[in-house]
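Visitor: just coords:
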């Protein structure tokens, strides 16, 4: 029952700008909400009002013992119009990063997390290779401004999820349904990552900084056929894993594009991640070209299968491609009543603690309940409960458990009996 971590292993939390900041910004998710596409009718304009309460949130993190924080910055806030950069917005993030430094909380900055300024959307977003230059200009401006305040960056978060939901299923903005466009977006995003990787390193070297680390956050799953005796299920499992995951890994990490992805322009081959960044949540059961979950397995409140062993299996898959330190940049669960989150955290951290792979960091998704994309305010992933109307933050029992894990650098038998043993997953 007891678990302990190797020396140097760090635990923290993660968030995304659109999901917490609030404000009426002219970006793709504000537009999507105005079109009535959010299930509970909520909007990202409220969210956590982090733009106002950011200092309180960081103080709360500090009180919980969190020393690493993956945060996002909002492109539409920084560059509300093409080529027009908001000085006050950049200064806001610089003040936030400076305060993190005071609190001894190390930042990992995400540059793109699902959301585009509407001017970029109108230009075709990542469906057009000509638009790579706009993303790189934004990256250069941000990295130059942040200087020594941030040396670690995620270029793009979950390109496979963004491309699939936005351009294949059509459930996210801009709501298109085209396999070819989805594949184009993944290819163009790979080019953005590789070029940004080179740009960030080059720019920071020219500024005299030599502590730069750059990667991309890869959403990974374990895929299994619904029936291993069904040839169609096995074929679809192989195809979905390659389309959604393996081809993306290869292109982003090495610059080697394999069908159906296509290199959008001349790019170097090499190694383009200084760490492996994995967002892991669930296992998919496949019977066709779509997602699915098995029957009679533990599930969360969104009916995602809970499969802790998958966190190591996914890490092994990526580590075979690129030998780098492993960061779990997202892992968490939708548990609206906080009835099994402590068990979820324990079970996944236990797998990590027993693995021989070089896991170095774990960022829980997420710090505080927030605007959860299509689910709006109805799906709660946080260590901290948020009352949206009053914006009151309250640390959940799972949040207190997580703080104890950080304090003890592991889980004692007493902690297990108190926080984990009474909890049971849904089936």
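Guide: Right, received. Where do you want to start? Because the structure is predicted, anything quoted here is derived from the model rather than measured.
Visitor: quick one: the strands in the protein?
Guide: Using DSSP state E, the strands found in the chain span residues 3-4, 10-14, 68-72, 106-110, 152-157, 213-225, 276-286, 326-331, 359-365, 384-387, 392-395, 410-411.
Visitor: Near the nearest residue to residue 55 once chain neighbours are set aside, how many other residues are there?
Guide: Taking C-beta to C-beta, 6 or more residues apart in numbering as the measure, residue 55 lies nearest to residue 99, with 6.3 Å between them; neighbours along the chain are not counted. Quick note: C-beta positions are derived from backbone N, CA and C, even for glycine. Residue 99 is flanked by 15 other residues according to other C-beta atoms under 10 Å.
Visitor: likewise the one 5 residues further on?
Guide: Number of residues near residue 104 (other C-beta under 10 Å) recorded here: 8.
Visitor: same question, the one 4 residues further on
Guide: Applying other C-beta under 10 Å, we find 25 other residues in the vicinity of residue 108.
Visitor: Next one: the nearest residue to it once chain neighbours are set aside from residue 276, what distance?
Guide: Of all residues beyond its chain neighbours, the one nearest residue 108 is residue 70 (4.3 Å), with distances taken as C-beta to C-beta, 6+ apart. Summarising the geometry, the distance separating residue 70 from residue 276, computed by C-beta to C-beta, to the nearest Å, is 14 Å.
Visitor: Report the buried residues of the longest helix along the chain.
Guide: Ranked by residue count under DSSP state H, the longest helix found in the chain is helix 179-206. By neighbour count, and taking 16 or more other C-beta atoms under 10 Å as the criterion, the buried residues in helix 179-206 are 181-201, 203-204.
Visitor: before we move on, what about stretch 315-322?
Guide: Neighbour counts over stretch 315-322 (16+ other C-beta under 10 Å) mark 315, 317, 318, 319, 321, 322 as buried.
Visitor: JSON lines for those residues, including pLDDT and distance to residue 368?
Guide: Written out in JSON lines, the entries for those read as follows (pLDDT from 0 to 100; distance: C-beta to C-beta, whole Å):
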{"residue": "315", "pLDDT": "98", "distance to residue 368": "27"}
{"residue": "317", "pLDDT": "95", "distance to residue 368": "31"}
{"residue": "318", "pLDDT": "96", "distance to residue 368": "28"}
{"residue": "319", "pLDDT": "97", "distance to residue 368": "31"}
{"residue": "321", "pLDDT": "96", "distance to residue 368": "34"}
{"residue": "322", "pLDDT": "96", "distance to residue 368": "32"}
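Visitor: Pick the one among these closest to residue 363.
Guide: Of all those, the one sitting nearest residue 363 is residue 315; the distance, using C-beta to C-beta, is 14.2 Å.
Visitor: Okay, helices next: where are they in the stretch 301-427 of the chain?
Guide: In chain order, the stretch 301-427 of the chain shows helices spanning 310-321, 341-354, 397-408, 413-415, with DSSP state H, counting those that start in this stretch as the criterion.
Visitor: ranking those by burial, who's on top?
Guide: Mean neighbour counts were compared across the helices of the stretch 301-427 of the chain using mean count of other C-beta atoms under 10 Å; the top stretch is helix 341-354, at a mean of 22.
Visitor: And for that helix, what's in contact with it?
Guide: By C-beta atoms under 8 Å, 6 or more residues apart in numbering, the residues outside helix 341-354 that reach it are 3-6, 280, 300, 306, 308-309, 311-312, 328, 331-333, 335, 359, 362, 364, 383, 396-398, 401-402, 405, 410-411, 416, 419-420, 423-425.
Visitor: what's the angle from it to helix 397-408?
Guide: 30 degrees (axes from the mean of the first three to the mean of the last three C-alpha atoms, to 10 degrees).
Visitor: List the buried residues for the helix or strand bottoming out on mean pLDDT in the chain?
Guide: Of the helices and strands making up the chain, the lowest-confidence element is helix 231-241, at a mean of 89, by mean pLDDT, DSSP states H and E. For helix 231-241, burial by neighbour count (16+ other C-beta under 10 Å) applies to 233, 234, 236, 237, 240, 241.
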